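S.K.: build me a structure from this.
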Amino acid sequence: MQDPLITFTLAAAGLSGLAIIALTALRGWNGWLELKRAELARRAEDTAPPSTATRIEVADLKERIRKLEAIAAGVDL
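M.R.: Alright, predicted model coming up:
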């Protein structure tokens, strides 16, 4: 039969190891969340309204797409 002291020592060591792994995983999770928060904050700061030239270019591309779709549909402009 096993000595109760050995059983208790093994159980305590297992529980301690599990606690260390859980705390390490929790610290890593918190670090990952902080990284994502920093990325979102940086992205929010970097977002600027589009310039006039960009808006004109996008409007030009939309017009070209509209014309190409009309040609593909057989509509005469």
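S.K.: could you use CA atoms for every contact and neighbour count after this?
M.R.: OK.
S.K.: break the chain down into its structural domains.
M.R.: 1-46, 49-77 (automatic domain parsing).
S.K.: can I get these in CSV with mean neighbour count and mean pLDDT?
M.R.: CSV is the format used below for the domains of the chain (neighbours: other Cα atoms under 10 Å; pLDDT from 0 to 100):
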stretch, mean neighbour count, mean pLDDT
domain 1-46, 11, 92
domain 49-77, 11, 87
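S.K.: can you pull the contacts of the most centrally placed residue in the chain?
M.R.: By Cα atoms, centre = their mean, the mean C-alpha position of the chain lies nearest to residue 36, the distance being 6.3 Å. By Cα atoms under 8 Å, 6 or more residues apart in numbering, residue 36 lies in contact with nothing.
S.K.: next SSE after the helix or strand hosting it?
M.R.: Using DSSP states H and E, residue 36 falls within helix 4-46. Using DSSP H and E, the helix or strand that directly follows helix 4-46 along the chain is helix 52-73.
S.K.: chain center to that following helix: distance?
M.R.: Centroid separation for helix 52-73 versus its chain: 32 Å, with Cα atoms, centre = their mean, to the nearest Å.
S.K.: what packs against it?
M.R.: Contacting helix 52-73 under the criterion 3 or more Cα pairs under 8 Å, 6 or more residues apart in numbering; DSSP states H and E is no other helix or strand.
S.K.: for it, C-alpha coordinates in CSV please.
M.R.: Taking C-alpha atoms only, helix 52-73 is exported to CSV below (Å, rounded to 0.1, in the frame of the first residue of the first chain):
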residue,chain,number,x,y,z
THR,A,52,-10.1,64.8,-52.7
ALA,A,53,-7.9,63.2,-55.3
THR,A,54,-8.8,59.7,-53.9
ARG,A,55,-12.5,60.5,-54.0
ILE,A,56,-12.2,61.7,-57.6
GLU,A,57,-10.3,58.6,-58.6
VAL,A,58,-12.9,56.3,-57.0
ALA,A,59,-15.7,58.1,-58.7
ASP,A,60,-13.8,57.8,-62.0
LEU,A,61,-13.4,54.0,-61.5
LYS,A,62,-17.1,53.7,-60.6
GLU,A,63,-18.0,55.5,-63.8
ARG,A,64,-15.8,53.2,-65.9
ILE,A,65,-17.3,50.1,-64.2
ARG,A,66,-20.8,51.4,-65.0
LYS,A,67,-19.9,51.9,-68.6
LEU,A,68,-18.3,48.4,-68.9
GLU,A,69,-21.4,46.9,-67.3
ALA,A,70,-23.6,48.7,-69.8
ILE,A,71,-21.4,47.5,-72.7
ALA,A,72,-21.6,43.9,-71.4
ALA,A,73,-25.4,44.2,-71.1
